[in-house]
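Chemist: coordinates only, no sequence provided:
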């Protein structure tokens, strides 16, 4: 068993395990999880040695940013960009399909055309589902409650900045006797 009693010799052992030094003198780390003050998952950040050695690395929040890790992050980001591009193309296709459709919603109304109640996002989602388009209620953006028989243009937010419009006809319900 080798026991090192000389402080200089101990320092040389530590020097062999040094972490990569960044441009401003800190340690370069690759974040494995999103940390609010530092950055998002996959970012390469530079932090002080104590913060890296005592918190980030032991907690598994970051790993040492080696050249291999940097290359892997670049490949992963390219793959994510490609997936994002396909997702946006799909959303744009769905937006065009929604723009070309109109739905009719039957509601009970008075002789003047005022509804007994109102038409909301749940009714619009149900009508779209009958047309074969699946959306959620939070994607429907109504400017106000629909309380009269008329034609309405409803905005639909599909995500990632893609919006569309849908024509909604509110018609009187046919009562069966």
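Modeler: Sure thing, it's come through. Everything numeric in this text was worked out from a predicted model, so none of it was measured. Residues are numbered from 1 along each chain as shown.
Chemist: can you give me the buried ones in stretch 159-171?
Modeler: Of the residues in stretch 159-171, 162, 164, 166, 168, 170 count as buried by neighbour count, 16 or more other CB atoms under 10 Å. For the C-beta atoms, the positions are set from N, CA and C on the backbone; glycine is no exception.
Chemist: helices of this protein, start to end?
Modeler: 7-16, 49-51, 67-99, 121-130 (DSSP state H).
Chemist: chain center to the longest one, what's the gap?
Modeler: Right, the one you point to is helix 67-99. In this view, helix 67-99 has its centroid 12 Å away from the chain centroid, taken as CA atoms, centre = their mean, to the nearest Å.
Chemist: elements contacting that helix?
Modeler: strand 27-31, strand 151-159, strand 162-172 (3 or more CB pairs under 8 Å, 6 or more residues apart in numbering; DSSP states H and E).
Chemist: mind putting these in a markdown table, distance to residue 65 and mean pLDDT included?
Modeler: Below are the helices and strands packed on helix 67-99 laid out as a markdown table (distance: least, CB to CB, whole Å; pLDDT from 0 to 100):
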| stretch | distance to residue 65 | mean pLDDT |
| --- | --- | --- |
| strand 27-31 | 4 | 92 |
| strand 151-159 | 32 | 96 |
| strand 162-172 | 35 | 96 |
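Chemist: in CSV, list the ones you listed along with distance to residue 83.
Modeler: Putting these into CSV (distance: least, CB to CB, whole Å) gives the following:
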stretch, distance to residue 83
strand 27-31, 20
strand 151-159, 14
strand 162-172, 15
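Chemist: of these, which is nearest residue 131?
Modeler: Closest to residue 131 of these, according to CB to CB: strand 162-172, at 9.9 Å.
Chemist: what comes into contact with that closest one?
Modeler: 88, 91-92, 94-96, 98-99, 101-109, 113, 115, 119, 124, 127-128, 146, 148-158 (CB atoms under 8 Å, 6 or more residues apart in numbering).
Chemist: give me the buried subset of the residues you listed.
Modeler: 91, 94-95, 98, 103, 105, 107, 109, 115, 119, 124, 127-128, 146, 148-149, 152, 154, 156, 158.
Chemist: mind checking how far the residue nearest to residue 138 when sequence neighbours are not counted is from residue 101?
Modeler: Spatial nearest neighbour of residue 138, chain neighbours left out: residue 121 (7.7 Å); criterion: CB to CB, 6 or more residues apart in numbering. Distance of residue 121 to residue 101, computed by CB to CB, to the nearest Å: 16 Å.
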